[in-house]
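Engineer: Just need the structure, nothing else, for what follows:
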Amino acid sequence: MPQIVFNKEWVVEAELTALTGLSERQIKALRSGPWLEGVHFKRQAMNGGETRRGLLWYNFPRINQLVQEL
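Structural biologist: Residues are numbered from 1 along each chain as shown. Here you go, the predicted model:
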């Protein structure tokens with residue numbers, strides 16, 4: 001059996017929307033609810049430091065796992 005390599009672990013919001021069909025508003029609500037920062041999403045500042053307004057990255061496999069568990 002061939003080994004499958006998943007190459008889309010962390011994606012930006014536009015890719016998450018394309019993969020799941022979730023809207024920007026739905027994603028924002030999920031960040032405030034069941035998704036955990038550092039597990040399901042993370043913020044990255046352009047200078048590498050901590051930020052509250054950095055680029056948001058989403059862990060697509062973890063989000064799928066959460067949906068399966070609910």
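
Engineer: So which residue is dead centre in the protein?
Structural biologist: Most central in the chain under Cα atoms, centre = their mean is residue 58, positioned 1.5 Å from the mean C-alpha point.

Engineer: List the contacts of that one.
Structural biologist: 10-13, 16, 27, 40-41 (Cβ atoms under 8 Å, 6 or more residues apart in numbering). Where C-beta positions appear, they are placed from N, C-alpha and C, glycine not excepted.

Engineer: before we move on, what about residue 44?
Structural biologist: By Cβ under 8 Å, 6+ apart, residue 44 lies in contact with 51, 54-57.

Engineer: do you know how far it is from residue 26?
Structural biologist: To residue 26, residue 44 is 22 Å away according to Cβ to Cβ, to the nearest Å.

Engineer: same question, residue 10
Structural biologist: Residue 10 is 19 Å from residue 26, where distance means Cβ to Cβ.

Engineer: Give the residue from those two that has the larger number of neighbours.
Structural biologist: residue 10 (15 against 12; other Cβ atoms under 10 Å).

Engineer: one step back: which of the contacts of residue 58 has the most neighbours?
Structural biologist: residue 16 leads those on contacts (other Cβ under 10 Å) with 23 neighbours.

Engineer: For the helix or strand containing that one, C-alpha coordinates in PDB please.
Structural biologist: In this assignment (DSSP states H and E), residue 16 forms part of helix 13-20. Extracted C-alpha coordinates of helix 13-20, given in PDB (Å, rounded to 0.1, in the frame of the first residue of the first chain):
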ATOM      1  CA  GLU A  13      -8.000  31.400   5.900                       C
ATOM      2  CA  ALA A  14      -8.500  31.600   2.100                       C
ATOM      3  CA  GLU A  15      -7.400  28.000   1.700                       C
ATOM      4  CA  LEU A  16      -9.400  26.800   4.700                       C
ATOM      5  CA  THR A  17     -12.500  28.400   3.100                       C
ATOM      6  CA  ALA A  18     -11.700  26.700  -0.200                       C
ATOM      7  CA  LEU A  19     -11.300  23.300   1.600                       C
ATOM      8  CA  THR A  20     -14.300  23.500   3.900                       C
END
